[in-house]
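**Q** generate a structure from the sequence data that follows.
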Amino acid sequence: TGCVTKKGSVFGESGMFVCGPNNAKQLGVGKQAPLLARWSSVNVGRAVRCVAPGSHHSLLCTSDGAAFSCGRGDGGQLGLGDKLKAVTSFQQVVLPSGSVAKQVAVASSARRFENQSASYVLTSAGACLAFGNNNHMKLGLGAGVDTNAWNPAPVAHEGVAFEKISAGKHHVLACDAAGYVYSWGSGDMGRLGLGDKKHRGVPTKVELGVPLVGDEPDAAPEIKIDVVVARETFSVAFSAAAS
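**A** Numbering: from 1, shown residues only. This next block holds a predicted model:
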């Protein structure tokens, strides 16, 4: 479990607190006990903007646009360029030049011996970077590309700037400023919402059946989807304004 204070900084620290299982060093507090039953502060030397805790690894991004990772890394999910058994404290992920992180997400499995974890960093320019396990093409690196990525790699969504992302175990959702929803990765159980069970290696626009404003093919949806939630076997998209 991880939380961040409203301002992201408390008493000169990062403003981030964690608790719970630490068997894979996913809490980023160093070589402490495998279980923290009380909240413990984590300091990465700068204010934390958001955090994405996974089952065996965690990501965070800071207010100045940096990304950090810790925990189990043997599938590349830490984005540190190597096969790492475990990283006990948060380490900075080297992003492509000019990239400013604004959101992070993790895809992970709670099963101890099943390493199919992946990580995602959304930048202020709307680009999505992915790294880690690419089973079911959930990294979105291209149709037919299913190899792991050990460093942040650009998701294939040329011409589309994402506003928010959310990762399930084997699939990812994103929405853009116009209110469109995109999905990629595993299509099992219909979780991509694309009318079939096929896997997708690139972000694919989802037809939600929402009326469009105007008759142009690229007209904006009448209801702007601005929140997406991907879970292990299903997906949710809704408009915060409509609620």
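**Q** what's the spacing between the residue most central in space within the chain and residue 122?
**A** In the chain, the residue lying closest to the centroid (Cα atoms, centre = their mean) is residue 105, at 1.7 Å. For residue 105, the distance to residue 122 equals 8 Å [Cβ to Cβ, to the nearest Å]. Every residue, glycine included, has its C-beta placed from N, CA and C.
**Q** intersection of neighbour lists for the two?
**A** Contact criterion Cβ atoms under 8 Å, 6 or more residues apart in numbering; residues shared by residue 105 and residue 122: residue 165.
**Q** state the number of residues packed around the closest residue to residue 238 other than its chain neighbours.
**A** Among residues not flanking residue 238 along the chain, residue 227 sits closest, at 5.4 Å (Cβ to Cβ, 6 or more residues apart in numbering). Neighbours of residue 227 under the rule other Cβ atoms under 10 Å: 17.
**Q** what does the pLDDT read for residue 227?
**A** At residue 227, the pLDDT value in this model is 93.
**Q** wait, it touches residue 181, no?
**A** No: using Cβ atoms under 8 Å, residue 227 is not in contact with residue 181, being 10.0 Å away.
**Q** which regions of the chain sit below the pLDDT cut-off?
**A** 1-14, 110-114, 210-222, 242-243 (pLDDT under 70).
**Q** quick revisit: mind listing the shared neighbours of residue 227 and residue 181?
**A** Joint contacts of residue 227 and residue 181 (Cβ under 8 Å, 6+ apart) are 175, 237.
**Q** what about residue 198, neighbour count?
**A** Neighbourhood size, residue 198 [other Cβ under 10 Å]: 11.
**Q** element containing it?
**A** Using DSSP states H and E, residue 198 sits within no helix or strand.
**Q** contacting residues for it?
**A** Contacts of residue 198 by Cβ under 8 Å, 6+ apart are residue 187.
**Q** 41 is where my numbering starts, stick with that
**A** All set: I'll call the first residue 41, so the last point we hit is now residue 238.
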